[in-house]
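*Asks:* pasted the sequence and its predicted model underneath.
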Amino acid sequence: MIDKTAKYCLFFDYDGTLSYNGVSEENKAALKKVQELGHYLILNTGRSKGFIPEEAWAAADWDGIIAGTSYVEFQNTVLCNQGVPKEALIQVQRFYERYKIPYRLEGVKTHYATADICKITDNFAAYLDRNYDKMEITKFTVYQNISAYQDADFTGCCNIYHPTYTETVPKGFDKATGIRLLCEKLGIPREHTISFGDSENDIEMLRYTGISVIMKNAPTEFDQFATMRTQSDTDGVAQAINQLFFER
């Protein structure tokens, strides 16, 4: 399955994949070991860069990150930074005012939860006019599945619905977009890419890569586009890396 002479690019979802109630020591060790073989490690998380926890940064010496689908960085060089349109941010604020469903704006440098921005909600549009470029919002999250709301259509964006929350990202971007961009830059063919994921926002990534690994508790319907399913959630990443690269 693995070409031992080739260089691979590995892409890791964070929540529920690399981290399952924390990043296990086994997962950290496996990341280090496979990187020492010369392969690239890319954190591919639905979180924005400003919402990535310290534990994720410390889990590996990452070669690059894809954050919130539309921010891509490789070895400290930004390759893509597509923000959410200003009108969409105004729309989600109006949506909150109507339904009182909490949300979080996620940016490159920081994030803004409803409680943190409530002091400016009386003139949110004016606040955005002054601060939009500084905020660098690349996605936002609404803390409810809002698929049933007819007015949950935000300009220039698409929604990713989960059972208990909704992620909204710039239209035309998903977790495979950054993979294509990085592999083109690095000269890595699609068949030499491996993804690790567990949930709905990982589907495009899992479908795209040459090898796709899903965690033990990923939905059963994910089997149709997965190369392998791990026997663990806590150490699933380590199990897959060892099986692919180090077992005969």
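*Replies:* Now that the structure is in, tell me what you want to look at.
*Asks:* for the worst-scoring helix or strand of the chain on mean pLDDT, buried residues please.
*Replies:* The least trusted helix or strand in the chain, going by mean pLDDT, DSSP states H and E, turns out to be helix 114-117, with a mean of 83. By neighbour count on 16 or more other Cβ atoms under 10 Å, the buried set for helix 114-117 is 114, 117. Quick note: C-beta positions are derived from backbone N, CA and C, even for glycine.
*Asks:* packing partners for that helix?
*Replies:* Using 3 or more Cβ pairs under 8 Å, 6 or more residues apart in numbering; DSSP states H and E, the elements in contact with helix 114-117 are strand 103-107.
*Asks:* which other helices and strands does the strand it packs on contact?
*Replies:* helix 86-99, strand 111-113, helix 114-117, strand 137-142.
*Asks:* what's next to that strand, contact-wise?
*Replies:* 47-51, 68, 84, 89, 92, 95-96, 111-114, 117, 135-143 (Cβ atoms under 8 Å, 6 or more residues apart in numbering).
*Asks:* what about the helices in this structure?
*Replies:* For the chain, the helices defined by DSSP state H cover 25-36, 54-58, 86-99, 114-117, 124-135, 177-186, 203-208, 236-241.
*Asks:* could these be laid out in JSON lines, adding distance to residue 217?
*Replies:* Below are these laid out as JSON lines (distance: least, Cβ to Cβ, whole Å):
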{"stretch": "helix 25-36", "distance to residue 217": "16"}
{"stretch": "helix 54-58", "distance to residue 217": "20"}
{"stretch": "helix 86-99", "distance to residue 217": "30"}
{"stretch": "helix 114-117", "distance to residue 217": "30"}
{"stretch": "helix 124-135", "distance to residue 217": "35"}
{"stretch": "helix 177-186", "distance to residue 217": "24"}
{"stretch": "helix 203-208", "distance to residue 217": "15"}
{"stretch": "helix 236-241", "distance to residue 217": "9"}
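*Asks:* which residues touch residue 135?
*Replies:* 105, 107, 112, 128.
*Asks:* just to revisit the earlier point, just the buried members of the contacts of strand 103-107?
*Replies:* Counted by 16+ other Cβ under 10 Å, the contacts of strand 103-107 give 47-51, 68, 84, 89, 92, 95-96, 111-112, 114, 117, 135-142 as buried.
*Asks:* ok so, going back, just the buried ones among the contacts of residue 135, please.
*Replies:* By 16+ other Cβ under 10 Å, the contacts of residue 135 give 105, 107, 112, 128 as buried.
*Asks:* pLDDT on stretch 88-107, on average?
*Replies:* Mean pLDDT, stretch 88-107: 95.
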